[in-house]
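Engineer: Please find the sequence and the predicted model below.
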Amino acid sequence: QVQLIESGGGVVQPGDSLTLSCEVTSGGTFKDYTVAWFRQHPGKEREFVAASAWGLGGTEYANSVKGRFAISREDAKNAVLLQMNALTPTDTAVYYCAARKWGVAGSFEGMYDDWGQGTQVTVSS
């Protein structure tokens, strides 16, 4: 069973940066997992943000965050980071980490088998 623990959420001002972390705990090898970030705005459906697959699986970003957000992997810590820059109030949401074993980075919720509890990010002046 895979356990995903998100951290790093908080309240920031427009233009600030924030880094979220998703620690992946499993009985397997971290490099086998494709990990993604999704977010859910108040009153809206959850949407894809970014995904990372180790090796040739690549990375993928939602158009709304391209050039501002960066996803990276810290293999030594079994963690996937989401660096968020130039934040705006529209980035306010609960951010969820999701994982699946093997496969390329993808943007569909149904591709992922395991989910974290979420971490709140609020961007407000």
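Structural biologist: Nice, I can see it. Every value quoted in this text rests on a predicted model; they were computed, and no experiment measured them. Residues are numbered from 1 along each chain as shown.
Engineer: hey, let's count contacts and neighbours off CA atoms from now on
Structural biologist: OK.
Engineer: what sits against the residue most central in space within the chain?
Structural biologist: Geometric centre of the chain, nearest residue: Trp37, 2.4 Å, by Cα atoms, centre = their mean. Trp37 makes contact with Phe48, Val49, Ala50, Ala51, Leu82, Tyr95, Tyr96, Cys97, Ala98 under the criterion Cα atoms under 8 Å, 6 or more residues apart in numbering.
Engineer: hey, which helix or strand in this protein has the poorest pLDDT?
Structural biologist: Every helix and strand of the chain was ranked by mean pLDDT, DSSP states H and E. The lowest is strand 58-61, at a mean of 92.
Engineer: ok, residues contacting that strand?
Structural biologist: Contact partners of strand 58-61, identified using Cα under 8 Å, 6+ apart, comprise Phe48, Val49, Ala50, Ala51, Ser52, Ala53, Ile71, Val104, Ala105, Gly106, Ser107.
Engineer: Downstream of that strand, the next helix or strand is which one?
Structural biologist: Using DSSP states H and E, the helix or strand that follows strand 58-61 in sequence is strand 69-74.
Engineer: Alpha carbons of that following strand, as CSV, please.
Structural biologist: What follows is strand 69-74, C-alpha atoms only, in CSV (Å, rounded to 0.1, in the frame of the first residue of the first chain):
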residue,chain,number,x,y,z
PHE,A,69,5.3,25.8,-11.4
ALA,A,70,8.0,23.2,-11.5
ILE,A,71,7.8,19.6,-10.4
SER,A,72,10.9,17.7,-9.3
ARG,A,73,11.9,14.5,-7.6
GLU,A,74,14.1,14.0,-4.6
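Engineer: List the strands paired with it, with their directions.
Structural biologist: Strands that pair with strand 69-74, judged by DSSP bridges, come out as strand 79-84 (antiparallel).
Engineer: Name the residues of the strand it pairs with that come out as buried.
Structural biologist: Residues of strand 79-84 classed as buried by neighbour count (16 or more other Cα atoms under 10 Å): Ala79, Val80, Leu81, Leu82, Met84.
Engineer: And the contacts of Trp37, which is closest to Thr19?
Structural biologist: Leu82 (5.5 Å; Cα to Cα).
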